[in-house]
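In: Quick one: sequence plus predicted model below, questions after.
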Amino acid sequence: MLTFDAALSSWVTVIYADDGVILFRYMEEPHIQTAVDAIASQLDKWCRHVKCRLSWPKTRLMCFPVADSTITEGCVKWLGIQLDRKFKWSQHVASLIGKIEASYHSIKRHVCSTWGLIADVALQFFDTVARGHLLHGVGCWGLAAKRPRIAGQLRSLQARLYRRARRLNSRTPTSFACRIGHEGIAWDELCLFQCAKQRLTFPEFLDAEPVKDIVGGAVHPYPVERFVEVTERISYTVDYSTNPDCLPDSGTAVIYSDGSVLPGQCAGCGIAFATITGDWVTSGRKLPSHSTPLQAEILGIWLAASTGSSQPHVARVVVLSDCMRAIDTLSGRNGSLTGGRLAQLVLDRLSKLGKPVSVHYTPSKQTEGNLKADTAARTAALHGLDVDMTVPFSREALSTLLTRLATARSSAQYEEEVRSLGRSFRFFVPTSSALSALRSLGSLDGIWHLVSGRNNLRYSRSHIDRGSATCPLCDSGEDEDVPHFLFRCHRWQLQRKALKAAVVLRGIPWPVQHGDIFLRDRSLAAALESFISLTRRLSRLDPLTAP
C-alpha cells in the first residue's frame with residue numbers, strides 16, 4: 001500500500017491531519033508553490049489508496065519555509081491560513097502538534113458505520129483535540145504580530161469541532177473503531193471505551209484486540225456482566241401494606257433486605273429479622289465499590305434467603321424488599337425477561353436451597369424491619385465482611401470506570417506536555433481547567449503576553465538577543481521572569497499594592513504559588529491586568545525597549 005511518507009519528497013517534513021503544517025527546509029518560495037500542487041495531488045492519491053476521503057474545503061495545509069529555528073512567511077498564499085511575519089518554532093511544540101494530529105487522523109481512518117458515539121463522549125473527544133490545537137496556538141502562534149487574529153482562528157477551529165460533535169445524534173452515526181498504540185493515547189481510548197460500553201452484550205467483541213486488554217486490565221479480577229436469559233423463576237407477590245399479605249406461621253422466616261451504594265466508594269447489603277422474643281437481629285455483607293444499587297438489592301435478597309433457610313425449623317422463607325426492579329429481575333414480571341450474570345447466579349443458588357422462597361414488596365423506610373436492614377447495609381458497606389460471591393461489572397459501572405481512567409490519562413498527558421513548554425506557560429496553565437479559564441480572558445492582552453512569553457521581560461528577550469536574563473530594574477541579581485516581575489521586583493512596589501490587597505483579601509497566601517489562581521477569578525485577572533498596564537513593562541512604550 002502506498003504510504004503518505006512515500007508519496008512525498010524526502011526534503012519535506014510533514015505533520016498531517018485535517019489541519020496540517022508542512023515545513024520546507026531551506027527552500028525558496030517559488031519552489032514551494034510548485035511543491036504544494038504536487039503534494040495536493042499525491043495526498044489525494046494516497047487518500048484513495050487508504051480509502052479515506054477528505055473534505056478539501058475544510059482541509060487546510062499551512063506551508064512555510066524554515067531555516068534553523070525561525071519560520072518566515074512571505075507574501076504568497078497557499079492552501080492554508082497565512083500567519084503574520086515571524087514567530088519562533090521549537091522542538092517541543094512540533095512534537096506536541098505531531099502527536100495530536102497523528103492521533104486524530106488515526107481515529108478518523110478507522111470509521112465504522114455500525115457503532116454510534118453518544119454526544120457527551122464526542123464533545124469530550126473533540127474538546128481534547130481542540131485543546132491540543134489551542135496549546136499549540138498559545139505556545140507558538142502567541143508570538144505572532146497580530147495575536148487577536150490568530151486567537152479568532154483558534155476559536156473558530158474549536159467552534160467547528162463542537163458543531164461537528166453535536167451533529168452526531170442528528171444524522172447517520174459516525175464513530176470511530178480505534179486502535180491503541182503502546183503509549184496509550186487518551187482520546188483514542190475514550191472512543192474505544194465508549195464502543196466497549198455499547199458492545200458488552202456481544203462476547204466476541206470483548207475478546208477482540210485491543211478491547212480485551214483494556215477491559216480486562218480495568219476490571220480485573222471481576223468479570224464484565226453480559227446479559228443472559230433468566231430461565232428460573234421465584235415466587236412473587238406484591239404487598240402495599242406494612243406487613244406481608246399472609247401472616248407467617250411457625251415454619252416461616254420473614255426477613256427484610258436492603259442495599260446501600262455510594263457510587264465509586266463503597267457498597268453493601270443488609271438484612272434484619274425479628275426473633276421469637278421480639279429482638280431484632282441484623283447482618284450485612286460488604287460489596288465491591290463498582291456494585292450498582294440493583295446488584296446490592298439482588299444480593300440483599302440472596303443474603304436474606306440463605307440466612308433464613310439456614311435457621312432451624314424453617315420450612316419456607318419470605319423476603320421483604322423495597323426494590324421493585326430487583327424483584328422484577330428475579331421473577332421475570334412486568335416484561336423483565338432478561339437479567340445479568342449476577343441475577344442468573346443468584347437464581348441458581350436459590351434453586352439449590354431446598355426450601356421455597358417468596359419475595360414480597362414493602363414500601364421503603366416505612367417499617368421498622370426495613371429501616372434496620374438499611375442501617376445494616378450502610379454499616380456493612382464500610383465495615384462488613386466481603387460477600388462470598390463475585391460481583392461482575394455492569395455496563396454503567398464499566399463506562400464510568402473507563403471514562404474516569406481515560407480522563408486521568410488525558411490529564412496526566414496534558415501535565416507532561418505542559419512541563420515541556422516555557423516557564424511562563426507552566427506557571428499560569430498547569431492544568432487543562434486553567435487553560436479553559438485562560439480562553440475566557442480573550443480581551444486581557446497583558447495576561448496573554450505573560451502566558452505566551454511574548455513580552456519584554458529579560459528572561460523572554462534573552463532567548464532572542466542571547467543577552468543576560470538578569471533584571472535590569474533592581475539590584476537583586478535574579479532573572480527577570482514572571483514570578484520576579486509579579487512579586488519580587490522592587491521597582492514595582494507601588495503599582496503592586498492593589499494586586500497584593502486583592503489577593504490577601506481572598507485569603508490567598510502572598511506570593512501566589514501558581515498563576516492559574518489569577519485566571520480562575522475574573523476580578524483577580526482584572527487586578528493583574530491593571531498591574532501590568534500600570535508598569536508598562538510589557539508594552540511597546542517601555543522605556544527600556546523603546547527605540
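Out: Cool, got the structure.

In: looking only at pLDDT, what's the mean for the longest strand along the chain?
Out: Counting by DSSP state E, the longest strand found in the chain is strand 252-262. With pLDDT averaged residue by residue, strand 252-262 scores 91.

In: Next secondary structure after it?
Out: strand 266-274 (DSSP states H and E).

In: Give me the sheet partners of that next one and which way each runs.
Out: strand 252-262 (antiparallel), strand 280-287 (antiparallel) (DSSP bridges).

In: Only alpha carbons, please: show that strand as PDB.
Out: Listed next in PDB are the C-alpha coordinates belonging to strand 266-274 (Å, rounded to 0.1, in the frame of the first residue of the first chain):
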ATOM      1  CA  CYS A 266     -18.500   1.700  48.900                       C
ATOM      2  CA  ALA A 267     -21.500  -0.600  48.700                       C
ATOM      3  CA  GLY A 268     -23.200  -3.200  50.900                       C
ATOM      4  CA  CYS A 269     -26.300  -5.200  51.500                       C
ATOM      5  CA  GLY A 270     -28.100  -5.900  54.800                       C
ATOM      6  CA  ILE A 271     -30.900  -7.900  56.400                       C
ATOM      7  CA  ALA A 272     -32.900  -7.700  59.500                       C
ATOM      8  CA  PHE A 273     -35.400 -10.100  61.200                       C
ATOM      9  CA  ALA A 274     -37.200 -10.400  64.500                       C
END
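
In: Identify each buried residue in that strand, please.
Out: Residues of strand 266-274 classed as buried under the neighbour-count rule (16 or more other C-beta atoms under 10 Å) are 266, 267, 268, 269, 270, 271, 272, 273. Placement of C-beta: from N, CA and C, glycine included.

In: what does stretch 501-511 give?
Out: Under 16+ other C-beta under 10 Å, the buried positions of stretch 501-511 are 502, 503.

In: try stretch 518-538
Out: Those buried within stretch 518-538 under the rule 16+ other C-beta under 10 Å are 518-519, 521, 524-525, 527-532, 535, 537-538.

In: now the residues you listed as JSON lines including distance to residue 307 and secondary structure?
Out: Compiled in JSON lines, those are given as follows (distance: C-beta to C-beta, whole Å; DSSP: H, G, I helix; E, B strand; the rest coil):
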{"residue": "518", "distance to residue 307": "60", "secondary structure": "helix"}
{"residue": "519", "distance to residue 307": "57", "secondary structure": "helix"}
{"residue": "521", "distance to residue 307": "56", "secondary structure": "coil"}
{"residue": "524", "distance to residue 307": "59", "secondary structure": "helix"}
{"residue": "525", "distance to residue 307": "61", "secondary structure": "helix"}
{"residue": "527", "distance to residue 307": "65", "secondary structure": "helix"}
{"residue": "528", "distance to residue 307": "64", "secondary structure": "helix"}
{"residue": "529", "distance to residue 307": "67", "secondary structure": "helix"}
{"residue": "530", "distance to residue 307": "70", "secondary structure": "helix"}
{"residue": "531", "distance to residue 307": "69", "secondary structure": "helix"}
{"residue": "532", "distance to residue 307": "70", "secondary structure": "helix"}
{"residue": "535", "distance to residue 307": "75", "secondary structure": "helix"}
{"residue": "537", "distance to residue 307": "76", "secondary structure": "coil"}
{"residue": "538", "distance to residue 307": "73", "secondary structure": "coil"}
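
In: Which residue in those residues has the weakest pLDDT?
Out: Among those, residue 538 has the weakest pLDDT, 78.

In: contacting residues around that one?
Out: 446, 449, 450, 455, 456, 457, 532 (C-beta atoms under 8 Å, 6 or more residues apart in numbering).

In: Low-confidence regions, the chain specifically.
Out: 1-250, 333-339, 395-396, 398-399, 402-423, 432, 442, 453-454, 463-465, 539-547 (pLDDT under 70).

In: tell me the domain ranges of it?
Out: Using automatic domain parsing, the domain parsing of the chain gives 1-82, 111-224+393-421, 229-391, 442-535.

In: returning to what we had before: would you mind finding the most buried of the strands paired with strand 266-274?
Out: strand 252-262 (a mean of 25; mean count of other C-beta atoms under 10 Å).

In: Helices of the stretch 401-547 of the chain, residue ranges please.
Out: 423-428, 432-439, 445-452, 458-465, 482-483, 493-505, 516-520, 522-535 (DSSP state H, counting those that start in this stretch).

In: returning to what we had before: can the contacts of residue 538 go into JSON lines with extra columns for distance to residue 428?
Out: JSON lines is the format used below for these (distance: C-beta to C-beta, whole Å):
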{"residue": "446", "distance to residue 428": "12"}
{"residue": "449", "distance to residue 428": "11"}
{"residue": "450", "distance to residue 428": "7"}
{"residue": "455", "distance to residue 428": "12"}
{"residue": "456", "distance to residue 428": "17"}
{"residue": "457", "distance to residue 428": "14"}
{"residue": "532", "distance to residue 428": "13"}
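
In: which of those tops the neighbour count?
Out: residue 450 (26 neighbours; other C-beta atoms under 10 Å).

In: tell me the contacts of it?
Out: 424, 428, 482, 515, 532, 538.

In: Number of residues surrounding the residue nearest to the second one when sequence neighbours are not counted?
Out: If the residues on either side of it in the chain are set aside, residue 428 comes closest to residue 515, at 3.8 Å by C-beta to C-beta, 6 or more residues apart in numbering. A count of neighbours around residue 515, defined by other C-beta under 10 Å, yields 23.

In: who's in contact with residue 515?
Out: 427, 428, 429, 450, 482.

In: biggest separation within the residues you listed, which pair?
Out: 429 and 482 (11.9 Å; C-beta to C-beta).

In: okay, these two: which has more neighbours?
Out: residue 429 (25 against 22).

In: ok, that one touching residue 452?
Out: No: taking contacts as C-beta atoms under 8 Å, residue 429 lies outside contact range of residue 452: 10.3 Å.

In: and the gap between the residue nearest to residue 523 when sequence neighbours are not counted and residue 382?
Out: Spatial nearest neighbour of residue 523, chain neighbours left out: residue 502 (6.8 Å); criterion: C-beta to C-beta, 6+ apart. As judged by C-beta to C-beta, to the nearest Å, residue 502 and residue 382 stand 44 Å apart.

In: coming back round to it: which one of the buried residues of stretch 518-538 sits closest to residue 496?
Out: The closest of those, once distances to residue 496 are taken by C-beta to C-beta, is residue 531, at 6.3 Å.

In: Tell me which residues touch the closest one, please.
Out: With C-beta under 8 Å, 6+ apart, residue 531 has these contacts: 486, 492, 495, 496, 498, 499.

In: let's go with 7 Å and repeat that
Out: 495, 496, 498, 499 (C-beta atoms under 7 Å, 6 or more residues apart in numbering).

In: Could you do residue 443 as well?
Out: Taking C-beta under 7 Å, 6+ apart as the definition, residue 443 has no contacts.

In: Where does residue 330 sit: helix, strand or coil?
Out: helix (DSSP: H, G, I helix; E, B strand; the rest coil).

In: That one and residue 347 touch, don't they?
Out: Yes: the pair residue 330 and residue 347 qualifies as a contact (C-beta atoms under 7 Å) at a distance of 6.4 Å.

In: So which of those two has more stuff around it?
Out: Applying other C-beta under 10 Å to residue 330 and residue 347 shows that residue 330 carries more neighbours, namely 28 against 22.
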